[in-house]
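Novice: Pasted the sequence and its predicted model underneath.
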Amino acid sequence: DTGVSQNPRHKITKRGQNVTFRCDPISEHNRLYWYRQTLGQGPEFLTYFQNEAQLEKSRLLSDRFSAERPKGSFSTLEIQRTEQGDSAMYLCASSPWGASQPQHFGDGTRLSIL
Amino acid sequence: DAKTTQPNSMESNEEEPVHLPCNHSTISGTDYIHWYRQLPSQGPEYVIHGLTSNVNNRMASLAIAEDRKSSTLILHRATLRDAAVYYCILRDGSNYQLIWGAGTKLIIKP
């Protein structure tokens, strides 16, 4: 049973550059979530997909953030024109459909902005 | 906004039981109580969840107060590998979001 996979694990980039992260969920899970986590805090919800449909994106931090899930499989999170404040851990989770189904998380992508 | 209250940190001795409390006085009838934990440099890991009745699984037990305004996560025999931040989260049955607080940092002493 493979878990949620996130790539890359670490990303270092200069301010102003664009970055893209990938998440491969557990194959039978149709829900996929993106979170951001800063040091000492719990994860902060960003967006969520059910299959290929992005059902909630109002929590994306700014219009520089966007996410896709083509064909309802893997997902990408893109940050354009990165800023110092974007430095954080970006977490992806997936779950089956269902009212109380737990979310299964990947180990995240740590973004550092120079 | 986090709807749960947890102590910032707790210490316990290895091989002893650990009781991690969580207060959720504003819980509604459709809120499930979820627990996750996060080890250093890893993503959060699901531990257990429940609605009204106490729950047991291979990792832990969840004891839910009769009025559901509080709950306790029980690790029956703590090991050093249980040192982590433990999060107690309320999740509405119709809600996709998990709203996280700062959690309880559990320190296990050998």
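Specialist: Here it is on my side, so go on.

Novice: looking at it, B:Ser70 is touching B:Asn23, isn't it?
Specialist: Yes. Counting by C-beta atoms under 8 Å, B:Asn23 is a contact partner of B:Ser70 at 4.9 Å. Backbone N, C-alpha and C define where each C-beta goes, glycine included.

Novice: Pick out whichever of those two has more residues nearby.
Specialist: A count of neighbours by other C-beta atoms under 10 Å in any protein chain shown puts B:Ser70 above the other of B:Ser70 and B:Asn23, at 19 against 16.

Novice: Now do the contacts for that one.
Specialist: B:21-25 (C-beta atoms under 8 Å, 6 or more residues apart in numbering or on different chains).

Novice: Out of those residues, list just those in strands.
Specialist: Using DSSP state E, the subset of those located in strands is B:21-23.

Novice: Nearest residue to A:Thr13 in space, please, no chain neighbours.
Specialist: A:Val19 (5.5 Å; C-beta to C-beta, 6 or more residues apart in numbering or on different chains).

Novice: And the contacts of stretch A:61-68?
Specialist: So stretch A:61-68 is contacted by A:34, A:36, A:46-47, A:49, A:54, A:57, A:60, A:75-83 (C-beta under 8 Å, 6+ apart).

Novice: please redo it, this time with the cut-off set to 7 Å
Specialist: With contacts defined as C-beta atoms under 7 Å, 6 or more residues apart in numbering or on different chains, stretch A:61-68 is touched by A:34, A:46-47, A:54, A:75-81.

Novice: what does chain B put close to chain A?
Specialist: B:32, B:34, B:42-44, B:46, B:49, B:87, B:91, B:93-94, B:96-98, B:100-103 (C-beta under 7 Å from any C-beta of the partner chain).
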